[in-house]
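*Asks:* build me a model from this:
(2 chains)
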Protein chains: 2
Amino acid sequence: MKKSIFILINLILIFSGTIQSQNIDSLQISKIFSTALKDNEGYHALYDLCKHAGKRISGSPLADTAVNRMSVWLENWGADTVWLQECMVPHWVRGEKEEAKIISSVLKMNLSVPICALGMSIGTPSNGIKGEIIEVYGMGELKNLNPADIKGKLVFYNGPMPPETIFTFNAYGHTVGQRWASAMEAAKYGAIGVVVRSVASHIDSHPHTGSMGYSDTIPKIPSVAISTEAAELLSASLKKDKNLQFWFKTSCQTLPDVKSHNVIAEIKGSKYPNEVIVVGGHLDAWDMAEGAHDDGAGVVHSMEVIRLFKALGIQPQRTIRVVLFMNEENGTRGAKAYAEWAKKSGEKHIAAIESDAGGFTPRGFTLDCSDAEKYYLRSKFAPVLSYFGVGDFSRDGGGADVGYLKDICPLISDLSPDSQRYFDHHHSELDVFEEVNDRELEMGSAAVASFVYLLDKYGNGMSRTNSAEDD
Amino acid sequence: MKKSIFILINLILIFSGTIQSQNIDSLQISKIFSTALKDNEGYHALYDLCKHAGKRISGSPLADTAVNRMSVWLENWGADTVWLQECMVPHWVRGEKEEAKIISSVLKMNLSVPICALGMSIGTPSNGIKGEIIEVYGMGELKNLNPADIKGKLVFYNGPMPPETIFTFNAYGHTVGQRWASAMEAAKYGAIGVVVRSVASHIDSHPHTGSMGYSDTIPKIPSVAISTEAAELLSASLKKDKNLQFWFKTSCQTLPDVKSHNVIAEIKGSKYPNEVIVVGGHLDAWDMAEGAHDDGAGVVHSMEVIRLFKALGIQPQRTIRVVLFMNEENGTRGAKAYAEWAKKSGEKHIAAIESDAGGFTPRGFTLDCSDAEKYYLRSKFAPVLSYFGVGDFSRDGGGADVGYLKDICPLISDLSPDSQRYFDHHHSELDVFEEVNDRELEMGSAAVASFVYLLDKYGNGMSRTNSAEDD
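*Replies:* Sure thing, here's the model as predicted:
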């Protein structure tokens, strides 16, 4: 009962403290949402990015195009400053046509199936690699097999994303390990290559790429993703002919690192210019399609904070800084470069918000911060944003790029859009502009701008002394 | 302050009353969501409906196909009874190819533009109708014009859906009046036809149909919808040549009423068989595409309540009745037939839930009921469903079909999915199976089944004496 009374007292405090400011903030936030939805400017910027710099993998000429084009949008939208921050990035190239076949004389099968090399994998010899294939459903299963049965063969990791997990990023987290680490595990047992079921939420014919890793102490073997549909077929075929052969050919390779850039733009704070709110997405994308949801949407969400502030004449007290990070997909070199620079800058980072979960209807924000900070944001900000459907601050975590700021920034947060469709497109040829709905995209921009607006006005929970409330 | 204390006392009551039952219910509701997402059965049923009974407008052979096919799914899913309830329905047919042109010698223009007849409109003479065209932005504007300037001309109603309205059904409500009533208004002033901007949220080349109305006391004139893109072009062209001519040809007509059916299926209640929870969507669809979101999704959401209860072995205390209503789009004759029958049935309807807002990620339920009932559902059910993202019970209203039960049923409610994309597809050739995401669809089925589960277990606010809590 004591606990109940404590909770009730807290509820009283929340109740009386927020009602008045909520009304005023709701009016301004309404304007942010209206402007985003009416102007649709972010949607046009996304079109430019997707159609003129589609396959903008780190180190590619299209990545440079993306840097240049997005800089122009930021200048045109009225950023006080726009500059490029140098970083060296990996340069992995996919090479020529990738091919794979299931071959079985028992099943009278010589069937081409859709695959793609996983990012950072080595390629195969020019005639490909062929072998018997052993199916497992996840990491760690190989240790239960006879090592002699693995040596010289291919390993097929067929663990699906669990469909019953409602928040699909959790299902992704559950599964993505086999994409990242399976080549290392299989090579330990002498396998010659791995075939990984695409980490995807829909059963279809599109393979999904994504980063994989090697260790310096383990032989490097080629690693490919196979479409979910073909994975089911391969699995069914293995049940009928466990000695069938799988063949695949890739010609990917890693070239020397090249120079690239983060794009950084800001509005200088009028009152606390040394206090910085970072908002960012990543500018690079896999080379399969257009990186529309991953992460064209996040790029636009971030850039539109500046556009919406300028369009509405909102002069922030604190410095609002947009960072379009290079190389999130296969190295996070841009994030590391920015964090290194930020630590020496003498500034005070009060919040860093990332959008890298697609251009779907926003539901809320994840939080990586102290309990006190969470309490402050959930009780103070969530009720204001709830009206706009963005009041879910219940999830923890966040920040593949902005996470590098964790030791200098008390609040790390991700925009959390509806997650149901994200892994249908993710890292595949389906991630194109046409799959982004204009209203859903603009709702995301408005959500991020609104959160930044509140953070600028009130500070985070830890910097409340510098807040509008106390002026 | 007194008000605050009152609210706090209520909060204590909510707090202590729900914690325990929430845990148990959450487990069962988790199973409902898991089963829906894993099995994907509703998605297969939607495929069948869309691909084998796509243009199932009331009175058409495809509407009969829909009745027969959905009855089979309900039988296969284990409904205790499935029967057809007769109703007479309007029989409007679109006829042959519809055409329209903007003709201007000033602009050297003789351009075909995409239109479609509005539902229930009369057709034009076989050579079409042609005339000068007067642009207005909504109902009531004609009274400000000189009647002589309208007589013998066409009227172009170009009011857009307001993009800044976040909940798109509100924007639709704001705009749809000009689709329904403009032929009546324009005819009063002697206009010969109306061209209505499609009630749609995206600027593209697809016209959107929908019902329009006539009055017995006003001449009937043909009415067509023009695509949003063509509406913008027509408007721009009129600014350059206000005397341009618009021509269109349609051959739609209304034939005599024909016999059709609602499909009704149920699981008989074990304890209170005479207390009925109705859940329904509408089986008819416009003749433009496949009626996937409108209302194939609602049909599936409703039918899956039976499937999920049977799959999980949930025996309801009350009778769960699925009603697939015929003729929502242009007459609601199925809804009227069911309501008439229900009033004489001697049963007690405790809740009627409808799904007719698309197969998008569910967010909550609208409520049309007493304030006490709202308070009960918001405090008792919303917290349980919040975990699944379906806790928004804040909107009022609901029930195009189940609304006819209002005077015998204390709770009318609609599933409220995310609304951002709905009016991109609605009533147009874009409303096809491929535009429905399987996970979003199944989340809707699970949401409806979960709400029905709670209503069956606890009753609505008004029937709490018959609830699990008091057993």
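*Asks:* what parts of the stretch 251-400 of chain A come near chain B?
*Replies:* A:361, A:363, A:388-389, A:392 (CB under 8 Å from any CB of the partner chain). In this view, the C-beta of every residue, glycine as well, is placed from N, C-alpha and C.
*Asks:* OK, contacts around residue A:401?
*Replies:* Counting by CB atoms under 8 Å, 6 or more residues apart in numbering or on different chains, residue A:401 makes contact with A:280-282, A:323, A:325, A:328, A:332, A:334-335, A:338, A:354, A:356.
*Asks:* what subset of these is buried?
*Replies:* Buried members of the contacts of residue A:401, counted by 16 or more other CB atoms under 10 Å in any protein chain shown: A:280-282, A:323, A:325, A:328, A:332, A:334-335, A:338, A:354, A:356.
*Asks:* now those as a markdown table including pLDDT, distance to residue B:208 and secondary structure?
*Replies:* A markdown table is the format used below for the buried ones among the contacts of residue A:401 (pLDDT from 0 to 100; distance: CB to CB, whole Å; DSSP: H, G, I helix; E, B strand; the rest coil):
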| residue | pLDDT | distance to residue B:208 | secondary structure |
| --- | --- | --- | --- |
| A:280 | 98 | 38 | strand |
| A:281 | 98 | 34 | strand |
| A:282 | 98 | 37 | strand |
| A:323 | 98 | 41 | strand |
| A:325 | 98 | 41 | strand |
| A:328 | 98 | 39 | coil |
| A:332 | 98 | 45 | coil |
| A:334 | 98 | 44 | helix |
| A:335 | 98 | 45 | helix |
| A:338 | 98 | 46 | helix |
| A:354 | 98 | 37 | strand |
| A:356 | 98 | 34 | coil |
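*Asks:* which two among the residues you listed are spaced furthest apart?
*Replies:* For the buried ones among the contacts of residue A:401, the farthest-apart pair by CB to CB is A:338 and A:356; their separation is 14.7 Å.
*Asks:* quick one: the helices in chain A?
*Replies:* Counting by DSSP state H, chain A has helices at residues A:2-39, A:41-52, A:61-76, A:147-150, A:168-175, A:177-188, A:228-240, A:297-311, A:333-344, A:371-380, A:382-386, A:422-425, A:438-458.
*Asks:* what sits against residue A:363?
*Replies:* By CB under 8 Å, 6+ apart, the contact set of residue A:363 is A:389-390, A:392, A:416-418, B:389.
*Asks:* which one is it nearest to, not counting chain neighbours?
*Replies:* Distance criterion CB to CB, 6 or more residues apart in numbering or on different chains; nearest residue to residue A:363, sequence neighbours excluded, is residue A:392 at 4.7 Å.
*Asks:* ok, the one you found touching residue A:362?
*Replies:* No. Checked against CB atoms under 8 Å, the pair residue A:392 and residue A:362 is beyond contact range at 9.1 Å.
*Asks:* next one: stretch A:106-126 to chain centre, how far?
*Replies:* 27 Å (CA atoms, centre = their mean, to the nearest Å).
*Asks:* meant to ask about stretch A:435-443, not that
*Replies:* Here stretch A:435-443 shows a centroid-to-chain-centroid distance of 17 Å under the convention CA atoms, centre = their mean.
*Asks:* what lies in contact with that stretch?
*Replies:* Stretch A:435-443 is contacted by residues A:33, A:36-37, A:40, A:42-43, A:46, A:292-293, A:296-297, A:300-301, A:304, A:359-362, A:388-390, A:417, A:425, B:163, B:166, B:168, B:201-202, B:420-421, B:424 when judged by CB under 8 Å, 6+ apart.
*Asks:* stretch A:84-96 too?
*Replies:* A:57-60, A:63, A:67, A:71, A:116-117, A:119-120, A:123, A:250-264, A:284, A:287, A:326-327, A:330-331, A:333-334, A:336-338, A:341.
*Asks:* hmm, 7 Å instead?
*Replies:* A:58-59, A:67, A:117, A:119-120, A:123, A:250-264, A:287, A:326-327, A:330-331, A:333-334, A:337-338, A:341 (CB atoms under 7 Å, 6 or more residues apart in numbering or on different chains).
*Asks:* CA atoms only for that stretch, dumped as PDB, please.
*Replies:* What follows is stretch A:84-96, C-alpha atoms only, in PDB (Å, rounded to 0.1, in the frame of the first residue of the first chain):
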ATOM      1  CA  LEU A  84      31.200  17.800 -44.200                       C
ATOM      2  CA  GLN A  85      33.100  15.800 -41.600                       C
ATOM      3  CA  GLU A  86      35.700  13.500 -43.000                       C
ATOM      4  CA  CYS A  87      35.900   9.800 -42.200                       C
ATOM      5  CA  MET A  88      37.600   6.800 -43.800                       C
ATOM      6  CA  VAL A  89      35.100   4.000 -44.700                       C
ATOM      7  CA  PRO A  90      35.300   0.400 -45.800                       C
ATOM      8  CA  HIS A  91      34.900  -0.200 -49.500                       C
ATOM      9  CA  TRP A  92      33.100  -3.500 -50.100                       C
ATOM     10  CA  VAL A  93      31.800  -4.200 -53.600                       C
ATOM     11  CA  ARG A  94      29.400  -6.900 -54.700                       C
ATOM     12  CA  GLY A  95      30.800  -7.500 -58.100                       C
ATOM     13  CA  GLU A  96      29.100  -9.300 -60.900                       C
END
